[in-house]
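Q: Turn this into a structure:
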Amino acid sequence: LRLRRGIARLLATFDPRQAAEAYDRIIEMATANLPPDAISAPSWLDDSSEALPAWETLDDRVALADLLQNKLGNANAARQELHRILRRDLRHAPAYPPLMELYSKSGQNDRAERVRALLSLLGYAGPGAGGFGDRRQGARLFAYRNALSDELRWRHLFPQLLRGTPYFEFLQLTLDGLLRLFPPPWPLPVETQPASRLWDAGFKVALADAQRLFGLEVEVLFAAQVPGYVLALEPLQAGGRPVVVMEQSVLERTDVERRFLLGRALEPLRSGYALLLRLSTTEATQWLRLCRALLSSAEDRAALYDSDGGEALSAAAKDFASQLTRPAQQALERLSQKNPLTPNMLSPESFFSALPVFADRAGLLLCDDISAAVRVMARAQGEELAVVEGHGGGILLGQVSGGAELARYYLSDSYHDLVSSLRDTTRL
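A: Numbering: from 1, shown residues only. As a prediction, the model looks like this:
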């Protein structure tokens, strides 16, 4: 392969088409010589079903993308190669400059800026390049002209594999019962005060933008200490508005950091999964068992009840279902018949573990700043950011749970298409 790479580089100087074909063969040969387990399947959160490229082919793919973009005029194929690289290795620095150049040349300045922002976040931008150190301090001009519709949410905010699963419908049908089983933790063990007492103009604008984007009005309270900086609660009384409790220190954060937290709170309330985000480990296990008991087919349900602890689970599931309204019971039964859990379906455990990812995406959508989003995520997880001095102020995304996944989403077509749709004045 070393000789073939040398020949490909030589061909690139006078016959770029043959050079591109040579790199294609190198990539094919490098992949064929690897054991099967070296070719990883993508995460279900990734909208592409294509297997992740082998590590050994990444530099070859950068060279191929350069030929496609600069010598053969095939910018789309070049973009696909560069995105393949970043799906495998977000820290593969050589992929960023050509991707940024590609977007700049095609007039996609927003996408070029996202690449530059992530390049800086990772510490690759170089001194004076701006980015992580250049935080937005003041209120930003809200660029979205449309609300996040259910159509856009399912098309761009949630991954494709989630479509066709019964979990959100299950949450909607059983929400009243779940709120009785897992009531909101109210009153809180700390004193709260209405936002009006601590109001500032920037936060007022950010909250108005968040409520308009997600189509939901909330009551905001502040407390001296809130785990994770924000807590989203369902209405505490009939006819009331959902409640968002924020840590008072949030008012000292930048506008984009506040927006990330607001988006992370309002979207789960709007989509109906805020309750699941606040469950303890024991409560989460209880919900997962209920989910399997009530959504399995009749045959699988019988097998589940025959297993260890099945008798207690059967009694708990029947008791839970009996407290739902009659229409909800009937709809739940139809759901389990129409769309029962199967071995090939996304598991309840995978759905549950991905909910924080969806909330992070919503926060990113509102703030549109990957650096601010990752900073807040890191602090909420109790991590100290590792700053790379002299390299644009980069951080280690590996320290932040969900950070790399959010960064990939920030560069994705789904995020770009969602932002473009929300800014599109023709949809008004």
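Q: Run through the strands of the stretch 201-350 of the chain in chain order.
A: For the stretch 201-350 of the chain, applying DSSP state E, counting those that start in this stretch gives strands covering 219-223, 230-233, 243-247.
Q: brain fart, the stretch 51-200 of the chain
A: Using DSSP E, counting those that start in this stretch, strands in the stretch 51-200 of the chain cover 192-194.
Q: Give the closest residue to residue 210 in space, chain neighbours not counted.
A: residue 262 (4.1 Å; Cβ to Cβ, 6 or more residues apart in numbering). All C-beta spots, glycine's among them, are computed from the backbone N, C-alpha and C.
Q: List the residues that contact the one you found.
A: 206-207, 210, 230, 244, 363, 366 (Cβ atoms under 8 Å, 6 or more residues apart in numbering).
Q: do you know how far the nearest residue to residue 283 once chain neighbours are set aside is from residue 320?
A: Nearest residue to residue 283, sequence neighbours excluded (Cβ to Cβ, 6+ apart): residue 182, at 5.6 Å. Residue 182 sits 11 Å away from residue 320, going by Cβ to Cβ, to the nearest Å.
Q: same check, this time on residue 26
A: 58 Å.
Q: Between the two, tell me which one has more neighbours.
A: Counted by other Cβ atoms under 10 Å, residue 26 and residue 320 do not tie: residue 26 has more neighbours, with 21 against 18.
Q: does the more buried one really touch residue 1, like I thought?
A: Yes. If you go by Cβ atoms under 8 Å, residue 26 and residue 1 touch, sitting 6.1 Å apart.
Q: one step back: compile the strands of the stretch 201-350 of the chain into a markdown table and extend it with columns for mean neighbour count and distance to residue 290.
A: Below are those laid out as a markdown table (neighbours: other Cβ atoms under 10 Å; distance: least, Cβ to Cβ, whole Å):
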| stretch | mean neighbour count | distance to residue 290 |
| --- | --- | --- |
| strand 219-223 | 19 | 29 |
| strand 230-233 | 22 | 21 |
| strand 243-247 | 23 | 25 |
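Q: who wins for proximity to residue 152 among those?
A: Nearest to residue 152, of all these, is strand 230-233, at 20.7 Å by Cβ to Cβ.
Q: Which neighbouring elements make contact with that closest one?
A: On a contact count with 3 or more Cβ pairs under 8 Å, 6 or more residues apart in numbering; DSSP states H and E, strand 230-233 meets strand 243-247, helix 255-271, helix 274-277.
Q: separation between the nearest residue to residue 69 once chain neighbours are set aside and residue 242?
A: Once flanking residues are discounted, residue 69 sits nearest to residue 78: 3.8 Å by Cβ to Cβ, 6+ apart. In this view, residue 78 and residue 242 are 45 Å apart by Cβ to Cβ.
Q: So the two - more neighbours on which side?
A: Using other Cβ under 10 Å, the more surrounded residue of residue 78 and residue 242 is residue 78, with 24 against 20.
Q: who's in contact with that one?
A: For residue 78, the contacting residues are 64-66, 68-69, 98, 102, by Cβ under 8 Å, 6+ apart.
Q: Same check on residue 225?
A: If you count contacts by Cβ under 8 Å, 6+ apart, then residue 225 has 190, 247 around it.
Q: hang on, the earlier thing: report the separation between the residue nearest to residue 210 and residue 367.
A: Relative to residue 367, residue 262 is positioned 9 Å away (Cβ to Cβ).
Q: same deal with residue 424?
A: 20 Å.
Q: what about those two, which has more around it?
A: Shown here are residue 424 and residue 367; by other Cβ under 10 Å, residue 367 has more neighbours (27 against 12).
Q: pretty sure that one is touching residue 254, no?
A: No. Taking Cβ under 8 Å as the definition, residue 367 is not a contact partner of residue 254, at 9.2 Å.
Q: Are there residues contacting both of those two? Which ones?
A: Counting by Cβ under 8 Å, 6+ apart, nothing touches both residue 367 and residue 254.
Q: closest one to residue 398 among the helices and strands packed on strand 230-233?
A: helix 255-271 (19.9 Å).
Q: ok, and the closest non-adjacent residue to residue 50?
A: residue 42 (6.8 Å).
Q: how many other residues sit next to that neighbour?
A: The tally of other residues near residue 42 (other Cβ under 10 Å) stands at 14.
Q: For the helix or strand bottoming out on mean pLDDT in the chain, give me every contacting residue.
A: When the helices and strands of the chain are compared on mean pLDDT, DSSP states H and E, helix 298-306 comes out lowest with a mean of 85. Contact with helix 298-306 is made by 292-293, 296, 310-311, 313-314, 340-341, as judged by Cβ under 8 Å, 6+ apart.
Q: could those be laid out in CSV, adding distance to residue 347 and pLDDT?
A: Conversion of the contacts of helix 298-306 to CSV gives the following (distance: Cβ to Cβ, whole Å; pLDDT from 0 to 100):
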residue, distance to residue 347, pLDDT
292, 9, 92
293, 14, 92
296, 12, 89
310, 19, 85
311, 23, 87
313, 17, 89
314, 21, 90
340, 13, 89
341, 8, 90
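Q: Just flag the most distant two among those.
A: 311 and 340 (21.5 Å).
Q: residues contacting residue 62?
A: Contacts of residue 62 by Cβ under 8 Å, 6+ apart are 81-82, 85, 92, 94-95, 98.
Q: Spatially nearest residue to residue 261 (excluding sequence neighbours)?
A: residue 230 (4.7 Å).
Q: gap between the one you found and residue 257?
A: Distance from residue 230 to residue 257, by Cβ to Cβ: 11 Å.
Q: joint contacts of these two?
A: Common contact partners of residue 230 and residue 257 (Cβ under 8 Å, 6+ apart): residue 250.
Q: For residue 243, give me its contacts.
A: Contacts of residue 243 by Cβ under 8 Å, 6+ apart are 184, 218-221, 232-236.
Q: can you list those residues in CSV and add distance to residue 404 and pLDDT?
A: CSV is the format used below for those (distance: Cβ to Cβ, whole Å; pLDDT from 0 to 100):
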residue, distance to residue 404, pLDDT
184, 32, 92
218, 30, 96
219, 34, 95
220, 31, 95
221, 33, 95
232, 25, 97
233, 30, 96
234, 31, 94
235, 35, 92
236, 36, 87
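Q: where's the nearest residue in space to residue 381 that is not next to it in sequence, which helix or strand?
A: Ranked by Cβ to Cβ, 6+ apart and with sequence neighbours excluded, the top spatial neighbour of residue 381 is residue 401, at 5.9 Å. Element membership of residue 401 [criterion: DSSP states H and E] is none; it lies in no helix or strand.
Q: for residue 409, same thing?
A: helix 403-411.
Q: got any ranges where the stretch 51-200 of the chain has weak pLDDT?
A: Along the stretch 51-200 of the chain, the parts satisfying pLDDT under 70 run over 125-142.
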